[in-house]
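K.L.:
Sequence first, then the predicted structure, then my questions.
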Amino acid sequence: MSADIKKWGLALGFNQIGITDTNLQVAELEHQAWVAKGFHGEMDYMAKHGVKRTRPADLVPNTLRVIAVRLDYLPPNAEHSESVLQDQSKAFISRYSLGRDYHKVMRNKLQKLSEKIQEEVTKLNISDFSYRVFTDSAPVLEVALAEKAGLGWRGKHTLLINKNHGSWFFLGEIYTNLPLAIDEIEASNHCGTCTSCIDVCPTKAITAPYEVDARRCISYLTIELKGSIPLEFRPLIGNRVYGCDDCQLFCPWNKFAQITAENDFHVKHGLDDISLVDCFSWTESEFKAKMAGSAIYRIGYAQWLRNIAVGLGNAPTTPAVINALNHHINHEDDLVKEHVRWALAQHS
């Protein structure tokens, strides 16, 4: 059945499927050490579940195997990331969020794969089959599980890298009680002496190989952090208004990355090449309409304006930039107001 599951998964559009056991002892120690350093910042969920994150059977009782999947997301015909980053009048949005929210796409496919397995085990008169699907939505160490399942290795930036496909992909999991044959994959790390991701990180968030201080990471600062962005990081953020891809953009292995075949990940609303001023002019209703079905929707309008205000503070001084900032100088949300006033001060 393990071979069949991989065949069914590929037919559903996944790019790779692996199966592993639930032993994450080494990853558990590393995760606990990371949390002990406070590197998770305000992401309390990284600590509050105890060992459920590192012991799958504690999270989902009777779990014996994890089916790990990979789904490429790099959209076709998107504006080159480097050119957007170099034009400080534009808003850089992480490439994973240019299309439909991956949580919905991945969950739908994982559910269909699980239902196919359910259909087949029923034919075999297996009545106690149980499962639960995950896609970055619960306490799951997805990179560690994917690495054990043979989907790649954990890079120095802590993301998974595949030797033939780079790192522009999503991961998902199915926890199940089926005693499936596992993939006996010998872990092999191919980062070597390369430090490209460490060297290029704008905020030096990769504090050591295979260790990220989330409190310094631009993805954390623009997405997970709900309050004020620390002053020391605002100039370093540049025009990155939602996430940051620098550590992937400069990873040599991404020369092998594949364009996604998933239409839901194609660029929507021109988010690959949009000006900061245009983004800042959206009303809340426009933001909700344009971001409906997008991963960006979950940060909310005020946080969106906060991020763009920082980008505008780092942009070249032009009448359009000043006018855009002045339009929100007395915004009703104190968080927005604070960042707008900081941005205007950068142009004085």
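P.N.:
Good, I have the coordinates.
K.L.:
Count the neighbours of residue 55 for me.
P.N.:
Residues within reach of residue 55, counting by other C-beta atoms under 10 Å, total 17. Yep, even glycine has a C-beta here, placed from its N, CA and C like the rest.
K.L.:
mind listing what it touches?
P.N.:
By C-beta atoms under 8 Å, 6 or more residues apart in numbering, the contact set of residue 55 is 22, 24, 28.
K.L.:
you'd agree residue 34 is in a helix?
P.N.:
Yes - assessed with DSSP: H, G, I helix; E, B strand; the rest coil, residue 34 lies in a helix.
K.L.:
now it: how far from residue 181?
P.N.:
32 Å (C-beta to C-beta, to the nearest Å).
K.L.:
quick one: which of those two has more around it?
P.N.:
Shown here are residue 34 and residue 181; by other C-beta under 10 Å, residue 34 has more neighbours (19 against 11).
K.L.:
can you tell me which residues contact the spatially most central residue of the chain?
P.N.:
Nearest to the geometric centre of the chain sits residue 96, at 6.9 Å (C-alpha atoms, centre = their mean). Counting by C-beta under 8 Å, 6+ apart, residue 96 makes contact with 73, 102, 168, 170, 243, 295.
K.L.:
and the first one, how far is that from residue 256?
P.N.:
Going from residue 73 to residue 256 by C-beta to C-beta gives 15 Å.
K.L.:
thinking again about what came up before, will you turn the contacts of residue 96 into JSON lines that also has pLDDT?
P.N.:
As requested, the contacts of residue 96 are exported to JSON lines (pLDDT from 0 to 100):
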{"residue": "73", "pLDDT": "98"}
{"residue": "102", "pLDDT": "96"}
{"residue": "168", "pLDDT": "98"}
{"residue": "170", "pLDDT": "98"}
{"residue": "243", "pLDDT": "98"}
{"residue": "295", "pLDDT": "96"}
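K.L.:
From those, which land in helices?
P.N.:
residue 102 (DSSP state H).
K.L.:
Let's see the PyMOL selection covering just the buried ones among the contacts of residue 96.
P.N.:
Buried residues among these (16 or more other C-beta atoms under 10 Å), as a PyMOL selection:
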select buried, resi 73+102+168+170+243+295
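K.L.:
TSV for the contacts of residue 96, including distance to residue 193?
P.N.:
As requested, those are exported to TSV (distance: C-beta to C-beta, whole Å):
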residue	distance to residue 193
73	29
102	32
168	23
170	29
243	28
295	34
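K.L.:
Convert the C-alpha atoms of stretch 87-98 to CSV, please.
P.N.:
Taking Å, rounded to 0.1, in the frame of the first residue of the first chain, the C-alpha atoms of stretch 87-98 are listed here in CSV:
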residue,chain,number,x,y,z
ASP,A,87,13.2,48.8,-6.8
GLN,A,88,12.4,50.4,-3.4
SER,A,89,9.2,51.9,-4.7
LYS,A,90,7.7,48.4,-5.1
ALA,A,91,6.3,46.0,-2.5
PHE,A,92,8.0,42.7,-2.2
ILE,A,93,5.7,39.9,-1.2
SER,A,94,7.0,36.4,-0.5
ARG,A,95,6.5,34.2,-3.5
TYR,A,96,4.6,31.6,-1.6
SER,A,97,1.7,34.0,-1.0
LEU,A,98,1.2,35.4,-4.5
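K.L.:
Figure out how far that stretch is from the centre of its chain.
P.N.:
The chain centre lies 14 Å from the centre of stretch 87-98; the measure is C-alpha atoms, centre = their mean, to the nearest Å.
K.L.:
Offset the numbering so it begins at 488, please.
P.N.:
Will do, 488 is the new start, and the previous item becomes stretch 574-585.
K.L.:
any idea of the mean pLDDT in it?
P.N.:
Across stretch 574-585, the average pLDDT comes to 98.
K.L.:
for stretch 600-608, same thing?
P.N.:
96.
K.L.:
And the contacts of that stretch?
P.N.:
488, 491-492, 495-496, 499, 501, 554, 556, 616, 618, 620, 661, 663, 665.
K.L.:
The residue nearest to the centre of the chain - that's part of a helix, no?
P.N.:
Yes - judged by three-state DSSP, residue 583 forms part of a helix.
K.L.:
Make TSV out of the contacts of residue 542 and add secondary structure and neighbour count.
P.N.:
Shown next, in TSV, are the contacts of residue 542 (DSSP: H, G, I helix; E, B strand; the rest coil; neighbours: other C-beta atoms under 10 Å):
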residue	secondary structure	neighbour count
509	coil	18
511	coil	21
515	helix	16
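K.L.:
before we move on, the earlier item: from the contacts of residue 583, pick the one nearest residue 697.
P.N.:
residue 655 (19.6 Å; C-beta to C-beta).
K.L.:
Return the residues in contact with the closest residue to that closest one other than its chain neighbours.
P.N.:
Nearest non-adjacent residue to residue 655, counting by C-beta to C-beta, 6 or more residues apart in numbering: residue 561, 4.1 Å away. Applying C-beta under 8 Å, 6+ apart to residue 561 gives the contacts 582, 655, 744-747, 752.
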